[in-house]
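1. coords please:
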Amino acid sequence: MESSDPLMLALTTEADAARAKALSASVLEQGLAACISLLPVTSLYHWNGELCDEAEVQLLIKPRRSLLDDLEQAVLERHSYDLPEWICWPVGSSVAYSTWAGEQLRPSPNQEDAEPQAP
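-> Numbering: from 1, shown residues only. Just a heads-up that it's a prediction; the model follows:
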């Protein structure tokens, strides 16, 4: 994976494992993430003036920076929450993992428009 298009982490939560798996499958099928880790969490937050204490499933999504906008749109379109958590940050990774991740992802938007180069 090119350093100009680094690996990112994107985080969201879903209400339960079934919804988290369905959302993950959709994102993976579109080639928007190389891998998604699902973790059971307890989230405490204020919503509509009340303190909530909810069991949720956290999705830790591994995309490339160039796919982040498409990933966010896909997640927001399929998410069960009115206002899903959406947090992203760049990460470092081993060369081997970064290479593997890049092979799992669809081409970056700028790569799709590029002319094939002669060998």
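
2. show me where the chain has helices.
-> Listed from the start of the chain, the chain has helices (DSSP state H) covering 17-29, 68-78, 95-104, 109-112.

3. would you convert those helices into TSV that also reports mean neighbour count?
-> Glycine gets a C-beta too; all of them are placed from N, C-alpha and C. What follows is the helices of the chain, written out as TSV (neighbours: other CB atoms under 10 Å):
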stretch	mean neighbour count
helix 17-29	16
helix 68-78	15
helix 95-104	13
helix 109-112	10
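
4. quick one: which of those is nearest residue 54?
-> Evaluated over the helices of the chain, closeness to residue 54 peaks at helix 17-29, with 13.0 Å, by CB to CB.

5. quick check: closest non-adjacent residue to residue 81.
-> Excluding the flanking residues, the one nearest residue 81 by CB to CB, 6 or more residues apart in numbering is residue 15, at 7.2 Å.

6. next one: phi and psi at the one you found?
-> Phi and psi for residue 15, reported as degrees, to the nearest 10, are phi -70, psi -30.

7. that one and residue 58 touch, don't they?
-> No. Between residue 15 and residue 58 there is no contact under CB atoms under 8 Å: 11.5 Å.

8. circling back: residue 52: which of the helices of the chain is closest?
-> Evaluated over the helices of the chain, closeness to residue 52 peaks at helix 17-29, with 17.0 Å, by CB to CB.

9. give me the nearest residue to the spatially most central residue of the chain, chain neighbours excluded.
-> A centroid search over the chain (CA atoms, centre = their mean) returns residue 61, at 3.3 Å, as the residue closest to the centre. In this structure, residue 61 finds its nearest non-sequential neighbour in residue 10, 4.2 Å apart by CB to CB, 6+ apart.
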